[in-house]
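Engineer: Mind folding the following:
(4 chains)
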There are 2 protein chains.
Amino acid sequence: MAKVDTSLVAHLPLFAGMTPEALDEILREARSARFSRNSAIFEQGADAQSFFLLLHGHVRAAKTTPTGEQIVVRYVAPGETFGLAMAIGAARYPATAMAVDDSVVLIWPTSAWPRLVERFPALAANTLQTVGTRLQESHTRILEMSTQQVEQRIAHALLRLAKQSGKKLDHGIEIDFPISRQDIAQMTGTTLHTVSRILSSWESQGLVESGRQRIILREPHKIVVLAERNADSGAA
Amino acid sequence: MAKVDTSLVAHLPLFAGMTPEALDEILREARSARFSRNSAIFEQGADAQSFFLLLHGHVRAAKTTPTGEQIVVRYVAPGETFGLAMAIGAARYPATAMAVDDSVVLIWPTSAWPRLVERFPALAANTLQTVGTRLQESHTRILEMSTQQVEQRIAHALLRLAKQSGKKLDHGIEIDFPISRQDIAQMTGTTLHTVSRILSSWESQGLVESGRQRIILREPHKIVVLAERNADSGAA
DNA sequence: GGCCCGTTTTGCGCTACCGCAAACACCAGG
DNA sequence: CCTGGTGTTTGCGGTAGCGCAAAACGGGCC
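Structural biologist: As a prediction, this is how the structure comes out:
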């Protein structure tokens, strides 16, 4: 069982307000694992046997309808937890988690959760904050889907990704993992065709530079303006 | 300070696993208040000074954009908590809460929360479950908005309302509080016009009976079928 | 180097839904 | 009983974005 260095994770919100000893005790119950790009970590509907903390890489959580359509629930960045089905009282995973990049995760058995929470109440409080924040973000997303045009939604989505997982380059900000037009469509409630058209148009205006599963925001500020422009502000 | 009968609230999920003494201690910190129909309980952006438990009536939580557009985040039914901004680490309310019917609520000062959680860790665990469930529901809503047509979304929304707050009549299920076409539009990401057209059409097919801020599902089962019909199943 | 497969681009028609506007119904209050 | 106001209905364009189809692209693998 690989020993995890506590200093790597001590600063995470999940462990806020905990003593090093507590942290150590919690980490002792975890094992770590590596998932290679495009491998599934768990599947929607499967027994929620574990919960996870992403140490390295990127994970996409996606929800599928009975008819096979998908949406991206979120992208998980290093330091974030995922697969917390049990904390919310679900026996099965409500979504599928897939590594979009080679990724390293910490894994706890679901069965450890009640015990850990009892011993370290801060864990529940911290998780509550995290889940609460996600709930807020969901509401924001619903608000956007209800009130904004596709172009604005895509702008917001890209800005969020850049903030969460952007790599600063001298000529812009690159989204630091492979992401397709289809993925963006599934984040914003549109189709890959429409995303492609919009990104093409942005590219010709010099706002972005993009290629196969790769997007660089060249003019983040102009994209912010675009994102905030409401429907009836005139086009060029 | 009105004394609240513990037996009225003991069975609520929020207080699951608590001793009567604990419950009593928690309730001692609350006061109750009455809000009349169409009065605001708190406003989006205001200091989150309190959190609430609805005892009687119905409350609408709505989020407004800078440009004045609104969505309904959810309807609160008796027994549910709302205004939990602090539990999720927010200093201000992210939405506006308004009584849609004469309502009675329990009110705790936000400042009591950390103390209560420390003394009764089950409170955090229970709240985590609630918030987690709401997060799931949000994701479902996003999924619906992304993949379904307006008619299906309205069907789902009404069925959910009927389940949560339906009054059984001999000729159907009535939604047990005043709700306008506009409200439904704001729940489903459409316009009141479209909602009106669809309800009119349903009414002529005998699926619903509706009037001013009033909806009765006459044929719930047929509405379920409608809700599940996907886009390309042919129309009549 | 060449081949294959997943991704991206782009054109074209179509339609579900919006947006505006006007008429209408219902309830509360005087 | 009348009157004002809020909610609802309905008609009529207009259009943003979808859906389909086909072609171009690019990158990894043998």
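Engineer: Model confidence score at the residue nearest the centre of chain A, please.
Structural biologist: By Cα atoms, centre = their mean, chain A has its centre lying nearest to A:Y75, at 2.0 Å. On pLDDT, A:Y75 comes in at 98.
Engineer: which is the next helix or strand following the helix or strand hosting it?
Structural biologist: A:Y75 is located in strand A:70-76, with elements delineated by DSSP states H and E. With elements assigned by DSSP H and E, the helix or strand that comes after strand A:70-76 is strand A:81-82.
Engineer: Direction included, what does that next one pair against?
Structural biologist: Strand pairing for strand A:81-82, using DSSP bridges, gives strand A:50-56 (antiparallel).
Engineer: Roughly how far does A:L217 sit from chain B?
Structural biologist: From A:L217 across to chain B, the span is 23 Å (Cβ to the nearest Cβ, to the nearest Å). Bear in mind the C-beta positions are built from the backbone N, C-alpha and C, glycine included.
Engineer: Residue numbers of chain A in contact with DNA strand D?
Structural biologist: Neighbours of DNA strand D within chain A, by Cβ under 7 Å from any atom of the strand: A:Q149, A:V150, A:E151, A:G189, A:T190, A:T191, A:H193, A:T194, A:G211, A:R212.
Engineer: Among those, name the buried ones.
Structural biologist: A:V150, A:E151, A:G189, A:T190, A:T194 (16 or more other Cβ atoms under 10 Å in any protein chain shown).
Engineer: where's the last one relative to chain B, distance?
Structural biologist: In other words, A:T194. Taken as Cβ to the nearest Cβ, the span from A:T194 to chain B is 13 Å.
Engineer: For that residue, give me its contacts.
Structural biologist: Counting by Cβ atoms under 8 Å, 6 or more residues apart in numbering or on different chains, A:T194 touches A:V150, A:A185.
Engineer: which residues of chain A fall in helices?
Structural biologist: Applying DSSP state H to chain A gives helices spanning A:6-9, A:20-28, A:112-119, A:121-147, A:150-165, A:181-188, A:192-204, A:220-228.
Engineer: show me what contacts A:L169?
Structural biologist: Here A:L169 is in contact with A:I216 (Cβ under 8 Å, 6+ apart).
Engineer: let's go with 10 Å and repeat that
Structural biologist: A:E209, A:I216, A:L217, A:R218 (Cβ atoms under 10 Å, 6 or more residues apart in numbering or on different chains).
Engineer: Then A:Q129?
Structural biologist: A:P13, A:L14, A:A16, B:M86, B:A87, B:I88, B:G89, B:A90, B:L128, B:V131.
Engineer: If you average the pLDDT over stretch A:228-236, what comes out?
Structural biologist: Rounded mean pLDDT across stretch A:228-236 is 60.
Engineer: sorry, back to before: so which of the contacts of A:L169 wins on neighbours?
Structural biologist: Highest neighbour count within the contacts of A:L169: A:L217, with 26 neighbours (other Cβ atoms under 10 Å in any protein chain shown).
Engineer: For that one, which residues count as its bridge partners?
Structural biologist: A:I173, A:V208.
Engineer: so it sits right up against A:R160, yeah?
Structural biologist: No. In terms of Cβ atoms under 10 Å, A:L217 does not count as a neighbour of A:R160; the distance is 11.4 Å.
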